[in-house]
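>>> Structure for this input, please:
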Amino acid sequence: MENRRIILILLILVLAITIVSCKGKGGFKKLFSKDDEIEIIRSDEDYEFEITEDDGMRKTVLYFKDKQGLLVPLMRKIPWEEGIGKLALRNMIDSPELRETLGPTGLLPIIPAGTEIRGMAIDDETGLCKVDFSREVLNYETEKDEENLIKGVVYTLTEFQAIDEVQFLVEGEVLPTFKFGYDTSNPIRRENINLVGNLDEQRSKVVVYYKGNNFEEDFEYFVPVTIPTLSPVPNIYTALETLFDGVPEELSLSSEIPPGVSFHGVDIKDGIAYVDISFDYGEPPNDNRVFNNMAKNIGLTLSEFSQIERVELLIDGKTLDEAGIDIYIDSTIPAFANEY
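This is a model prediction of the structure:
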């Protein structure tokens, strides 16, 4: 009996010490933090949310269109609150305020004015997100507007890791097609953003990033473009080869790869892509800006491949140090194509 009493006392002491320790280390604060009070739409436990602790804002990628009608990803900070997925879409609905905010970028909203997000449901097991829009969502004018609306919503929502596909509803009903014929009868996955060319005539496709510019405000941005290729499967070599081939003629975009720079090959080791290039017109410039711009353009294109974490540039098989170029390059894969 005496032994039981001693054991009980010891257990109470251990429990008391644990409680004090949790309070001292912020244990309860962590268990009931702001993160747990909002709608978490990513299911994996090890994902690190991009939260700015100072102002309670979350870095979120939203999709808009440029004056060519190309979809452009733009990272914007939106408040952390319950229903973050709905809030992301609300921040894409056309309004005078949004147009004024986006003015310096030259980008435009893709969700028609007056649209309401009536509801949203996410299945964590299947990755299916159902979004119910008000009828105003159909108030666009062209077939291209319809495609941008659907793909822009899908790409925005699938930026959240728990969402793999999106089912569109209008006033609670699944429509077989939207008004210009886009098939919305089944859930839609992200694919073929800003497609150039005919997929039927090729064997695979890659996504390459090119640069756009709002010359009026001197705002530059990168645009993901889907390009069909003859390669049996999409791969890193083909993606870089396509990037170095230059911008498709039908697009008013540019590249950070200077004229006269050739791509020779790429090796992947421990998450690093060693990209071998040469300057066909002579000695490479000892210019920090040129190399960092190239590294970003290459890095964005390689961001489509999950195994790549950094980019290292080689010149004719030599490192920059070996080539006598003493500059610093940010070699990490960019987290966002564009920020505003």
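>>> Strands of the stretch 201-340 of the chain, residue ranges please.
Taking DSSP state E, counting those that start in this stretch as the criterion, the stretch 201-340 of the chain contains strands spanning 204-214, 219-229, 261-269, 272-279, 310-315, 318-319.
>>> I'd like the ones you listed as TSV, with mean pLDDT and mean neighbour count appended.
For glycine as for every other residue, the C-beta is placed from the backbone atoms N, C-alpha and C. Written out in TSV, the entries for those read as follows (pLDDT from 0 to 100; neighbours: other CB atoms under 10 Å):
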stretch	mean pLDDT	mean neighbour count
strand 204-214	96	21
strand 219-229	97	20
strand 261-269	97	14
strand 272-279	97	18
strand 310-315	97	20
strand 318-319	95	12
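>>> Could you tell me how many residues sit around the closest residue in space to Leu149 that isn't next to it in sequence?
If the residues on either side of it in the chain are set aside, Leu149 comes closest to Ile110, at 5.3 Å by CB to CB, 6 or more residues apart in numbering. One way to gauge burial is a neighbour count; for Ile110, by other CB atoms under 10 Å, it gives 26.
>>> For Ile110, give its distance to Leu240.
Ile110 sits at a distance of 30 Å from Leu240 (criterion: CB to CB, to the nearest Å).
>>> cool, Glu146 as well?
When CB to CB is the yardstick, Glu146 and Leu240 sit 33 Å from each other.
>>> between those two, who's got more neighbours?
Relative neighbour count places Leu240 above the other of Glu146 and Leu240, with 23 against 20, counting by other CB under 10 Å.
>>> What sits closest to Leu98 if chain neighbours are left out?
The nearest residue in space to Leu98 (CB to CB, 6+ apart) is Pro109, at 5.5 Å.
>>> tell me the contacts of that neighbour?
The contact partners of Pro109, by CB atoms under 8 Å, 6 or more residues apart in numbering, come to Phe64, Lys65, Met92, Ile93, Asp94, Ser95, Leu98, Arg99, Leu102.
>>> Check Phe180 too.
The contact partners of Phe180, by CB under 8 Å, 6+ apart, come to Thr142, Glu143, Glu146.
>>> cool, and Glu165?
If a contact means CB under 8 Å, 6+ apart, then Glu165 has Gly127, Leu128, Cys129, Val154, Thr158, Pro187, Ile188, Arg189 as its contacts.
>>> For the third one, give the beta-bridge partners.
Taking DSSP bridges, one finds Ile122, Val166 as the beta-bridge partners of Cys129.
>>> Point out where the chain drops to low pLDDT.
Low-confidence regions of the chain, defined by pLDDT under 70, span residues 1-54.
>>> hey, where'd the helices end up in this protein?
2-24, 27-31, 84-90, 96-102, 143-157, 236-245, 288-302 (DSSP state H).
>>> So which of the contacts of Phe180 is the closest to Glu82?
For Glu82, the closest of these turns out to be Glu146, at 30.5 Å, with distances computed as CB to CB.
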